[in-house]
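[1] give me a model of this one.
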Amino acid sequence: MMPHMQTAHATQDDTEKTTGWRGSRELWLNAARRALLDNGLEAVKIQPLASQLNLSRTSFYWFFKDRQALLDALLDDWEARNTGAFVLARDAYAETIAEAILNLIAVFYDPDLFDPDLDFAVRAWGQGADAVKARVTAADAARLAAIRAMFLRFGCDPNEADVRARTVYLTQIGYISMQVREDMTTRLSRVPGYVKTFTGVAPSQSEMARFEARLRLA
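    Residues are numbered from 1 along each chain as shown. Take a look at the predicted model:
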């Protein structure tokens with residue numbers, strides 16, 4: 001009697017797991033992103049994610065056709081967030097080029113706008129996948145174009161704007177690639193010097209005050 005009851009109970013649980021709450025597309029995507037960041041691309045697999053979320057494997061297919069669709073969604077998310085942050089900075093209000101670059105630097109202090117760990121993970125992913133590498137290359141070009149547009153907006157000639165944009169961007173990518181970790185006090189102390197190096201002019205005290213206020217540090 002007891003074995004039969006246990007089997008029936010297990011069957012009921014399996015049915016509820018299959019037909020009940022399936023999570024959400026965002027839940028699966030967040031779990032995949034976390035797996036990518038913590039353990040690399042090989043960790044982004046359907047069954048381990050399902051187990052982690054305590055969901056059935058079949059629940060996954062309500063939101064994604066297959067694993068490749070999930071990987072494509074991860075790339076779309078990365079591009080919308082990290083490359084989109086450069087567009088937001090480009091279009092933000094600024095009275096001077098120094099203030100414009102401060103708007104960009106502020107992006108790198110806000111993980112909700114730009115996730116450096118995700119950028120690092122996608123770049124590593126691209127080393128073994130030509131299609132991903134092509135997307136990284138396209139993202140780099142779009143980000144450089146956004147920074148270049150900042151300098152052009154404030155009167156730089158095209159050649160100077162290009163070199164200055166590359167100086168800004170490659171410095172930041174260097175930070176990401178080397179996984180540099182700095183405490184906030186050290187980071188802030190270097191900001192005026194970086195702005196002067198990037199633009200040729202130092203930010204004013206009021207510009208720095210607005211920058212720190214934006215970061216909720218003032």
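[2] for the chain, what's the longest helix?
    Using DSSP state H to define each element, the chain has its longest helix at helix 130-153.
[3] next secondary structure after that one?
    Later in the chain than helix 130-153, the nearest helix or strand by DSSP states H and E is helix 158-177.
[4] quick one: mean pLDDT for that following helix?
    For helix 158-177, the mean pLDDT works out to 96.
[5] by contact count, what packs against that helix?
    Judged by 3 or more CB pairs under 8 Å, 6 or more residues apart in numbering; DSSP states H and E, helix 158-177 is in contact with helix 116-126, helix 130-153, helix 184-199. C-beta here means a position set from N, CA and C on the backbone, and glycine is covered the same way.
[6] flag the shaky bits of the chain, pLDDT-wise.
    Counting by pLDDT under 70, the chain shows low-confidence ranges at 1-20, 217-218.
[7] give me the domain ranges for it.
    The chain breaks down into these domains under automatic domain parsing: 1-64, 67-218.
[8] JSON lines for the ones you listed, including mean neighbour count?
    Shown next, in JSON lines, are the domains of the chain (neighbours: other CB atoms under 10 Å):
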{"stretch": "domain 1-64", "mean neighbour count": "14"}
{"stretch": "domain 67-218", "mean neighbour count": "16"}
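[9] want to throw the helices and strands packed on helix 158-177 into JSON lines with distance to residue 26?
    Compiled in JSON lines, the helices and strands packed on helix 158-177 are given as follows (distance: least, CB to CB, whole Å):
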{"stretch": "helix 116-126", "distance to residue 26": "15"}
{"stretch": "helix 130-153", "distance to residue 26": "21"}
{"stretch": "helix 184-199", "distance to residue 26": "30"}
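[10] my guess is residue 179 contacts residue 120, does it?
    Yes - between residue 179 and residue 120 there is a contact under CB atoms under 8 Å: 6.6 Å.
[11] angles on the backbone of the residue most central in space within the chain, please.
    Nearest to the mean C-alpha position of the chain, by CA atoms, centre = their mean, lies residue 115 at 3.5 Å. Here is the backbone geometry of residue 115 (degrees, to the nearest 10): phi -110, psi 100.
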